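Enquirer: Next input, structure requested:
(2 chains)
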Amino acid sequence: MRNHLSHLLKPIIEAICGELGVSFVPGMLDLQRPPDPNLGDFALNTAMRLAKPAKKSPLVVANLIAEKLAPLNESTRKTCKTDAPLSHLDGFAVPDIPTPVFKKIEVVAPGFVNLFVSECEIENQLVKTLSDPVAALCREGRPDTVVVDYSSVNIAKQMHVGHLRTTIIGDVIVRVLEARGDKVIRQNHLGDWGLPIAMVLMHAQPIMRELEASGKDLVKELPLERLEEIYREATRICAADSAAAAEAHRILVELQNGNAGLLADWRTITRLAMVEVYRIYNMLDVTLTPEHERGESFYRDMLADTVSAIDKTGKLVTSDGAGCVFLEQFRTKEGNPLPVIIQKADGGYNYATFDMAAIRFRIETLRANRLIYVTDARQALHFAQVFALADSIGWTRRDDAVSINCEKVSLEHVPFGSVLGEDNKPLKTRTGENVKLSELLQESIDRAFAVVNEKNGALPEDQKRAIAHDVGIGAIKYADLSQNRNNDYVFSFDRMLALNGNTAPYLQYAHARICSIFRKGGISEESINARPMLVHPAERALGLKLLQFPESVTMVAVELRPHILCNYLYELSAAFSSFYDGCPVLVATSEDEKQSRLALCRLTRDTLARGLDLLGIRTPREM
RNA sequence: GCGCUUGUAGCUCAAUUGGAUAGAGCAACGGACUUCGGAUCCGUAGGCUGAGGGUUCGAAUCCUUCCAGGCGCGCCA
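Expert: All right, here's what the predicted structure looks like:
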């Protein structure tokens, strides 16, 4: 709706700029929502932007704007042709819009132009959405090719809470970008090429030989849980025994030099570890699959070349034996330079080398023009440095800038805070270990089951199990996604599984209630195509809220903040609940009214289901 | 020490990136239906936005000085 109005208003504002002798910039089309709905549905704040350059008072400019908008106003046009062809509403405004868009336009000090949209116009837009819900989400302009780097599990360890946020935030980002029509390339940057895996190999090899000799199934005998035990034991031994540590390091070097036997076992261990990882992804409804795996090992043959490419720019210097780049913008106040270490003193490579190699691969080979990294906030400095380095040596410039309408590849770090326990410290078990993700998820499902059993005990057992899964997993994901990712948050089953407030169960309940209406009425949703008639205030508010969906999705795509969509869906659910309370659907006073309200129900259900799907949360039809 | 980040109602969080009287949900109090799922809806109360100063038509938001927490600062990732 807001986007639609912007297109409508833009030529008018441009014309006014021309009259006032001010050059138009997009920022002047400042269309917002007033804090109080009584003030209007939208507020045009252009007058305040124009006042100074036009050397007029904001109020004078605002009145001028209101005057120019008069042709769109109902009070100055008497008719409302609801049967007008909708195509006339597309594109830029023409002087004779077939229907009045506004029912009231008010100028308020110091220069707000408050716009009240006509019911007729809201209804037109709803009809449009009803007929083509997919188009509403599509982005304007040329689609991006986006690489999203997320989840990035370490294959020597089981997934724990530390992996939760990157995995589910990243998955929302890919779903949202894809829904808008961008080409999205998921990259699971596995930690599969460092010392941990060498330590696991060292101790796992004899066990593997033994199991093979006795013909046992490795998948059963060496699950990730067992591999992690081996890793922990190896860490302990290496810490205590320098000879063992040296041996682990030797194995790492040999592996990285391509020792065939080690490589074969490395592949086996990776596969074994990923079995469990995919079990969790599956539980979480995360869209990552093996084809998205591109771990550190993938870049192993590009590292030397990466370093020499940086060296050729003349920026690489040796400091304490290590290959470093010093960037101007990373200096302490005393002038002490901060290095980015590209090559270790022993000739080996570190994470910066892997990330630089990955940046080059993603730009040159995958042809991405937007790179997104979803990792926790502690890595902010690392990415700021790596991005600045890539920028300074010209890797982010695109030679095909004209054809893709993008001069520079955008490198974006999406940082997020930690998951805390009730004690406000990073969430750990009583014994101080990381909380295993599988146990956390299972507990949430079990708690959800207890609730479903209490509220809707008569349902068949397997259906209750399915609902408990959707609610339990949805609650964990929503609790995480629904707040600004910058902040740490305290993990609490009680809060996230609460049935009211801004929680997944509340949204899912609203959805289930809509489904219940159709079920009870014996009506199929697909058969509903009536034009909604917005008479009751709750109907109008719901209609307007429905049209805000694309706007919230766009904001998530731009800002990479899923909580914006959560907030929207919560407001939509609340708007529906008010409507549900005040506007009977199945026992409406007339058939027309019933059809109209059913159309609102269908639109709300579709939007809720689609929105929650973008968040990776399921919507059971009963709960 | 330097840097990043956070500080908003008793609690958990918003605030469309500089807009109007700072909004929700818990918790508290008070209301509502012999109609579709009360897992609901409506209302009341609750605030010097950590503190001070500055910038302008206008500041939770920007600049600045403090205070408090979290995190990060050369060869782990």
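Enquirer: all helices in the stretch 101-250 of chain A, in order from the N-terminus.
Expert: A:119-131, A:164-179, A:195-213, A:218-221, A:224-240, A:242-256 (DSSP state H, counting those that start in this stretch).
Enquirer: Would you tell me which one of those helices is buried the most?
Expert: Per residue and on average, the most neighbours among the helices of the stretch 101-250 of chain A fall to helix A:164-179, with a mean of 23 (mean count of other CB atoms under 10 Å). The C-beta positions use only the backbone N, C-alpha and C, and glycine is treated the same way.
Enquirer: Determine whether any part of that one lies close to RNA strand B.
Expert: No. Applying CB under 7 Å from any atom of the strand, one finds helix A:164-179 out of contact with RNA strand B, separated by at least 11.4 Å.
Enquirer: For that helix, give me every contacting residue.
Expert: Contacts of helix A:164-179 with the rest of the structure, by CB atoms under 8 Å, 6 or more residues apart in numbering, involve A:137, A:144, A:146, A:148-152, A:184, A:186, A:281, A:284, A:286-288, A:372, A:374-376, A:414, A:416, A:419, A:437, A:440, A:476-477, A:480-481, A:485, A:553, A:556-557, A:560, A:562, A:565, A:613-616.
Enquirer: three-state assignment of the residue in chain A that RNA strand B sits nearest to?
Expert: Nearest residue of chain A to RNA strand B: residue A:501, at 2.1 Å (CB to the nearest atom of the strand). Secondary structure, DSSP: H, G, I helix; E, B strand; the rest coil: residue A:501 is coil.
Enquirer: Same check on the one 10 residues further on?
Expert: Here residue A:511 is recorded as helix under three-state DSSP.
Enquirer: do the same with residue A:373
Expert: strand.
Enquirer: Kindly provide the distance from it to residue A:350.
Expert: 17 Å (CB to CB, to the nearest Å).
Enquirer: Those two: which is more packed in?
Expert: Shown here are residue A:373 and residue A:350; by other CB atoms under 10 Å, residue A:373 has more neighbours (26 against 15).
Enquirer: residues contacting the more buried one?
Expert: A:149-150, A:383, A:411-414.
Enquirer: and if you look at residue A:471?
Expert: A:448, A:451-452, A:497, A:504-505, A:508, A:620, A:623.
Enquirer: 10 Å instead?
Expert: A:444-445, A:447-449, A:451-452, A:497, A:499, A:503-505, A:508-509, A:617-618, A:620, A:623 (CB atoms under 10 Å, 6 or more residues apart in numbering).
Enquirer: name the element it belongs to?
Expert: helix A:461-481 (DSSP states H and E).
Enquirer: Please save the CA atoms from that helix in PDB.
Expert: Extracted as PDB, the C-alpha positions of helix A:461-481 are listed here (Å, rounded to 0.1, in the frame of the first residue of the first chain):
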ATOM      1  CA  GLU A 461      -2.100 -38.900  19.300                       C
ATOM      2  CA  ASP A 462      -0.100 -38.500  16.100                       C
ATOM      3  CA  GLN A 463      -1.700 -35.200  15.300                       C
ATOM      4  CA  LYS A 464      -1.000 -33.900  18.800                       C
ATOM      5  CA  ARG A 465       2.700 -35.000  18.200                       C
ATOM      6  CA  ALA A 466       2.800 -33.100  14.900                       C
ATOM      7  CA  ILE A 467       1.300 -30.000  16.500                       C
ATOM      8  CA  ALA A 468       3.700 -30.100  19.400                       C
ATOM      9  CA  HIS A 469       6.600 -30.200  17.000                       C
ATOM     10  CA  ASP A 470       5.300 -27.200  15.100                       C
ATOM     11  CA  VAL A 471       4.500 -25.200  18.200                       C
ATOM     12  CA  GLY A 472       7.700 -26.200  20.100                       C
ATOM     13  CA  ILE A 473      10.100 -25.500  17.300                       C
ATOM     14  CA  GLY A 474       8.100 -22.400  16.200                       C
ATOM     15  CA  ALA A 475       8.300 -21.000  19.800                       C
ATOM     16  CA  ILE A 476      12.100 -21.300  19.900                       C
ATOM     17  CA  LYS A 477      12.600 -19.800  16.500                       C
ATOM     18  CA  TYR A 478      10.100 -17.000  17.000                       C
ATOM     19  CA  ALA A 479      11.500 -16.000  20.400                       C
ATOM     20  CA  ASP A 480      14.900 -15.600  18.800                       C
ATOM     21  CA  LEU A 481      13.700 -13.900  15.600                       C
END
